[in-house]
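J.: following is a predicted model, sequence given first.
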Amino acid sequence: MPVTLDNQLVVAISSRALFDFEEENRVFEAADDHAYMQLQLGRLETAAKPGVAFSLVRKLLTFNLSQDRPRVEVVILSRNDPVSGMRVFRSARHYELPIQRGVFTRGETPWRYLRPLAANLFLSANEADVRSALAAGVPAARVFPQSARASDAHPGEVRIAFDGDAVLFSDEAERVYQSRGLDAFQAHERDRAATPLAPGPFKPLLEALHRLQREPAGAMRIRTALVTARSAPAHERAIRTLMDWQIDVDEAMFLGGLPKGEFLREFQPDFFFDDQTGHIENAAPHVPAGHVAAGVSNP
């Protein structure tokens, strides 16, 4: 039988998203890839420190324990060279992360390999790669490497927080808000409360997480939160859209424009996704965060 990743949650992740390679990256940017390669080779026996998405990956891989088949696949998809890739795999082995697959392109854009992987999520520190992935229909986010690391308070839960408009949902309502203001936005959403919003770029990931959650997984579970600047009466359309999709979220925060960071600090997600850099910058001191470069806010 041919090897396949069918029916698995596939996460493609760059080396800088999984591990803290910021010092090495500064060498790359200041010199050339040969100096970078030599630095990584010289540190081959030194495990890299965990990066911003490390907790998310580690917890997702726990879903494979005590299962008769793999349910999650994590693949390194990186602009690194193959030599530097050795350190990535050794670092993964040091932390007992069962990552077996990797694609290393030595500076070339790696997003085109997302199609044969059938990836449900791509995390990278490279904005151009993230935008290309989103354009190809793959949920993708640019990680903020300086983000706070995830709390270890919930070892049995993968906690993920999503913004709504332009992330889970289309940017239809956000376009109304930006062109016509808050009152027009509220009226638009109130009048269309029973009409589901079109899917946004991260609906496929939410669906994949929902499937993963519904299958038996021992002690591991997934907890999701919708964290949005919407407020009543615009909350109803968001809730009804999720109901129409037959997808539950565990928590919903309708903040009416309040800063999201401190609310996210209390939720303690392993990762937060938002389409607006201002929200990401507010969240990053508290939680791991990634920018979804989609919708009207990201021309």
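T.: Perfect, I can see it now. Numbering: from 1, shown residues only.
J.: alpha carbons only for contacts and neighbour counts from here, please
T.: Fine.
J.: neighbours of E108, how many?
T.: 12 (other Cα atoms under 10 Å).
J.: which residues of the stretch 51-200 of the chain score low on pLDDT?
T.: 66 (pLDDT under 70).
J.: all strands of it, in order?
T.: 72-78, 101-104, 121-124, 140-143, 157-162 (DSSP state E, counting those that start in this stretch).
J.: a markdown table for the ones you listed, including mean neighbour count and distance to A48?
T.: Below are the strands of the stretch 51-200 of the chain laid out as a markdown table (neighbours: other Cα atoms under 10 Å; distance: least, Cα to Cα, whole Å):
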| stretch | mean neighbour count | distance to A48 |
| --- | --- | --- |
| strand 72-78 | 23 | 15 |
| strand 101-104 | 17 | 17 |
| strand 121-124 | 26 | 17 |
| strand 140-143 | 29 | 17 |
| strand 157-162 | 22 | 23 |
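J.: so D20 makes contact with G51?
T.: Yes. With contact defined as Cα atoms under 8 Å, D20 and G51 form a contacting pair (4.4 Å).
J.: name the residues contacting each of these two.
T.: Overlap of the contact sets of D20 and G51 (by Cα atoms under 8 Å, 6 or more residues apart in numbering) consists of P145.
J.: turn the strands of the stretch 51-200 of the chain into a markdown table, including distance to Y177.
T.: Shown next, in a markdown table, are those (distance: least, Cα to Cα, whole Å):
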| stretch | distance to Y177 |
| --- | --- |
| strand 72-78 | 36 |
| strand 101-104 | 41 |
| strand 121-124 | 28 |
| strand 140-143 | 23 |
| strand 157-162 | 19 |
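J.: break the chain down into its domains, please.
T.: Following automatic domain parsing, the chain resolves into domains at 9-143, 157-291.
J.: nearest to P299, of those domains?
T.: Set against P299 and scored by Cα to Cα, those come closest in domain 9-143, at 10.4 Å.
J.: out of the strands of the stretch 51-200 of the chain, nearest to A47?
T.: strand 72-78 (15.9 Å).
J.: export that closest one to CSV, keeping only CA atoms.
T.: C-alpha atoms of strand 72-78 as CSV (Å, rounded to 0.1, in the frame of the first residue of the first chain):
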residue,chain,number,x,y,z
VAL,A,72,-1.7,14.3,13.1
GLU,A,73,1.3,14.8,10.8
VAL,A,74,3.8,17.6,11.3
VAL,A,75,6.1,18.3,8.4
ILE,A,76,9.0,20.8,8.4
LEU,A,77,8.6,23.0,5.4
SER,A,78,11.6,25.4,5.4
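J.: pull up the pairing partners for it, direction included.
T.: strand 9-13 (parallel), strand 101-104 (parallel) (DSSP bridges).
J.: for these, which one sits closest to S151?
T.: strand 9-13 (20.3 Å).
J.: mind checking how far the closest one is from the chain centre?
T.: 10 Å (Cα atoms, centre = their mean, to the nearest Å).
J.: sorry, back to before: mind putting the domains of the chain into CSV with distance to S151?
T.: Formatted as CSV, the domains of the chain follow (distance: least, Cα to Cα, whole Å):
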stretch, distance to S151
domain 9-143, 9
domain 157-291, 6
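J.: to A150, which of these lies closest?
T.: The stretch from the domains of the chain with the least distance to A150 (Cα to Cα) is domain 157-291; that distance is 5.2 Å.
J.: first-to-last residue distance for that closest one?
T.: End-to-end span of domain 157-291 (Cα to Cα, to the nearest Å): 23 Å.
J.: what about the nearest residue to D81 once chain neighbours are set aside, distance to K203?
T.: Nearest non-adjacent residue to D81, counting by Cα to Cα, 6 or more residues apart in numbering: R106, 4.1 Å away. Distance from R106 to K203, counting by Cα to Cα: 31 Å.
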